[in-house]
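*Asks:* Need coordinates for the below:
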Amino acid sequence: MRQKWIALCFASALAAFGSTANANEIKIGYVNTFSGSGAILGKHYRDAFELAVNELGGKMGGLDVKIIYGDDQLKPDVAKTVVERLVEHDKVDIVAGFNFSNVLLASLGTVAGADKLLISSNAGPSNLAGEQCNPNFFSVGQQNDGASEALGRYLKEQNVASVYAIAPNYQAGRDMIAGLKRGFGKELADEVYTQLSQTDFQAELSQIQAANPAAVFAFMPGGNGINFVKQWAQAGLIGKIPLYSVYSVDHTTLSAIGPSAEGTLGVSQYVEDLPFEANQQFVKKFVDRYNYYPSEYAASAYDTAMLINSAVVATNGKLDDTNALRAAVQEADFKSVRGPDFKLGHNHMPIQNYYLRETVKRKDGKLGFVTRETVAKDYKDHYGAQCTNIK
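*Replies:* Got it, this is the predicted structure:
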């Protein structure tokens, strides 16, 4: 499978390399992790993005859509090289995608320097929400602190006495714990940062057992989440200490985690059972086409495509008018699968709801998620007031 992903990405790049601009075409460079431990994330993004483009008949605002994929391999230096190729050689009109914040941060300068838009399907680092906000950067997925801050507020409302926090030591991990602390409003029992590539958490789990907090918060994306939750179960912690997570137990990790995930609680901006018509249609079409349920990553990738389409339509396909394209993206005039409350703030970060969801066994015997309650409505991130670079 890994070889197939790499081959597809390479073939797409070769097809576009050296090509001349086509006035009847929009080129979108879509960058994500398509190989290694993060490949399952890339699959969700790619499948959903292509589903949206297919629904649009392969066109945006009358322009043929050409998607050129780039595999960042979860390495910032590789991502930078990939983006340079997309911008300088492939002459893409828009760069989109990105799951991990460290990869995004290494890439933005190249895109913004060429006066192109970078539309993130997930990552929304705190610095780009505040003092380093960039007129040419938008996040469709989230501002990194959002889900964890909403979870922190929920835990505070539930009068949880103490919370032990654990996350990888990179921008998003630090943002997630910062959001939790802001929402919880009390000193944490401890905050521990692991390596992003770490697979063994036995030492950290022993520390958690010794601390015996009232609850544990974990942000462990992708393969980290699989290993952490399985080892949590193996350590006998299920039923002893409540485990809450964000972007750790999701549809990219559920099948690999298995029964250990059942009953876990988390917060996300997306759940497959959200009652909005756009979401119900999206889930049905996604499952019919790919035979698996969409994650929050798939949902934001689908929204990314629809957002780009809305901007191209609004500007009558004038892709060289960056100011007009930027203003049209800011309007976010499309039907988000997250519902009509979704919009983009002054700092180009999402304003959206966050939901407490539980991992349950569906009627077909497979694991999925159900919404338990809305824990934050129209959440607006903490950093917008610091954003003075966007007029």
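*Asks:* When you work out contacts or count neighbours from here on, use the C-alpha atoms and nothing else.
*Replies:* Will do.
*Asks:* List of residues touching the lengthiest helix in the chain?
*Replies:* Selection of the longest helix in the chain by residue count, based on DSSP state H, yields helix 296-314. Under the contact criterion Cα atoms under 8 Å, 6 or more residues apart in numbering, helix 296-314 has outside partners 41, 44-53, 60-62, 96-97, 119-122, 140-141, 250, 268-271, 318-319, 325-326, 328-329, 332-338.
*Asks:* Check stretch 332-351 too.
*Replies:* Contacts with stretch 332-351, where a contact means Cα under 8 Å, 6+ apart, come from 124, 129-130, 133-135, 137-143, 269-270, 274, 276-279, 282, 299, 303, 306-307, 310-311, 330-331, 352-353, 378-381, 384, 387, 390.
*Asks:* Check stretch 197-216 too.
*Replies:* The list of residues contacting stretch 197-216 from outside it, by Cα under 8 Å, 6+ apart, reads 160-166, 189, 223-224, 227-228, 231-232, 235, 237, 241-244.
*Asks:* could you pull out the strands for the stretch 151-300 of the chain?
*Replies:* Taking DSSP state E, counting those that start in this stretch to define them, one finds strands in the stretch 151-300 of the chain at 163-168, 190-194, 215-218, 243-245, 265-268.
*Asks:* Would you reformat those strands as a markdown table and include distance to residue 342?
*Replies:* Converted to a markdown table, the strands of the stretch 151-300 of the chain look like this (distance: least, Cα to Cα, whole Å):
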| stretch | distance to residue 342 |
| --- | --- |
| strand 163-168 | 27 |
| strand 190-194 | 31 |
| strand 215-218 | 26 |
| strand 243-245 | 23 |
| strand 265-268 | 14 |
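*Asks:* among the ones you listed, which is the most enclosed?
*Replies:* Scoring the strands of the stretch 151-300 of the chain by mean neighbour count under mean count of other Cα atoms under 10 Å gives strand 265-268 as the most buried, with a mean of 26.
*Asks:* picking that back up, which of the contacts of helix 296-314 fall in helices?
*Replies:* In helices, defined here by DSSP H, the members of the contacts of helix 296-314 are 41, 44-53, 325-326, 328-329.
*Asks:* can you tell me which residues contact the spatially most central residue of the chain?
*Replies:* Central residue check for the chain by Cα atoms, centre = their mean: the C-alpha nearest the mean position is that of residue 122, 2.7 Å away. Under the criterion of Cα under 8 Å, 6+ apart, the contact partners of residue 122 comprise 97, 98, 99, 100, 139, 140, 141, 142, 297, 300.
*Asks:* which stretches of this protein aren't confidently modelled?
*Replies:* Within the chain, the stretches falling below the threshold (pLDDT under 70) are 1-21.
*Asks:* most distant residue from the middle of it?
*Replies:* With distances taken from the mean C-alpha point of the chain and given as Cα atoms, centre = their mean, the most distant residue is residue 210, at 33.0 Å.
*Asks:* From residue 189, how far out is it?
*Replies:* From residue 210 across to residue 189, the span is 11 Å (Cα to Cα, to the nearest Å).
*Asks:* distance of the residue lying closest to residue 361 once chain neighbours are set aside from residue 388?
*Replies:* Counting by Cα to Cα, 6 or more residues apart in numbering, residue 367 is the residue found nearest to residue 361 once chain neighbours are left out, at 4.4 Å. From residue 367 over to residue 388 the distance is 44 Å, taken as Cα to Cα.
*Asks:* thought residue 108 was touching residue 118?
*Replies:* Yes - counting by Cα atoms under 8 Å, residue 108 does reach residue 118; the two are 7.0 Å apart.
*Asks:* got a list of what residue 255 touches?
*Replies:* So residue 255 contacts residue 367 (Cα under 8 Å, 6+ apart).
*Asks:* mind starting the numbering at 24 from now?
*Replies:* Fine by me, first position is 24 from now on; the one you just mentioned is residue 278.
*Asks:* Who does the nearest residue to residue 218 once chain neighbours are set aside form a beta bridge with?
*Replies:* Ranked by Cα to Cα, 6+ apart and with sequence neighbours excluded, the top spatial neighbour of residue 218 is residue 191, at 5.4 Å. Judged by DSSP bridges, the bridge partners of residue 191 are residue 217.
*Asks:* For residue 191, list the residues it contacts.
*Replies:* Per Cα under 8 Å, 6+ apart, neighbours of residue 191: 197, 216, 217, 218, 219, 242, 243.
*Asks:* Likewise for residue 296?
*Replies:* Counting by Cα under 8 Å, 6+ apart, residue 296 touches 303, 392, 393, 394.
*Asks:* Which one (most neighbours) among those?
*Replies:* Scoring the contacts of residue 296 on neighbours with other Cα atoms under 10 Å, the highest-scoring entry is residue 392 at 27 neighbours.
*Asks:* doesn't residue 297 make contact with that one?
*Replies:* No - under the contact definition of Cα under 8 Å, residue 392 does not touch residue 297, with a separation of 10.4 Å.
*Asks:* and the residue lying closest to the residue nearest to the centre of the chain once chain neighbours are set aside, backbone torsions?
*Replies:* Spatial nearest neighbour of residue 145, chain neighbours left out: residue 164 (4.0 Å); criterion: Cα to Cα, 6+ apart. Residue 164 adopts backbone torsions of phi -80, psi -60, taken as degrees, to the nearest 10.
*Asks:* outside of stretch 107-121, which residues touch it?
*Replies:* Outside of stretch 107-121, the residues that reach it under the criterion Cα under 8 Å, 6+ apart are 36, 39-42, 44, 49-56, 68, 91, 106, 127, 133-134, 137, 139-146, 324, 327, 342.
*Asks:* Select only the buried ones of the residues you listed in ChimeraX?
*Replies:* For selection in ChimeraX, the members of the contacts of stretch 107-121 meeting the burial criterion (16 or more other Cα atoms under 10 Å) are listed in this command:
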select :36,39,40,49,50,51,52,53,54,55,56,68,91,106,127,133,134,139,140,141,142,143,144,145,146,324,327,342
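*Asks:* contacting residues for residue 49?
*Replies:* Under the criterion of Cα under 8 Å, 6+ apart, the neighbours of residue 49 are 83, 86, 87, 88, 89, 115, 116, 342.
*Asks:* Apply 7 Å and report the result again.
*Replies:* Contact analysis of residue 49 by Cα atoms under 7 Å, 6 or more residues apart in numbering lists 86, 87, 88, 89, 116.
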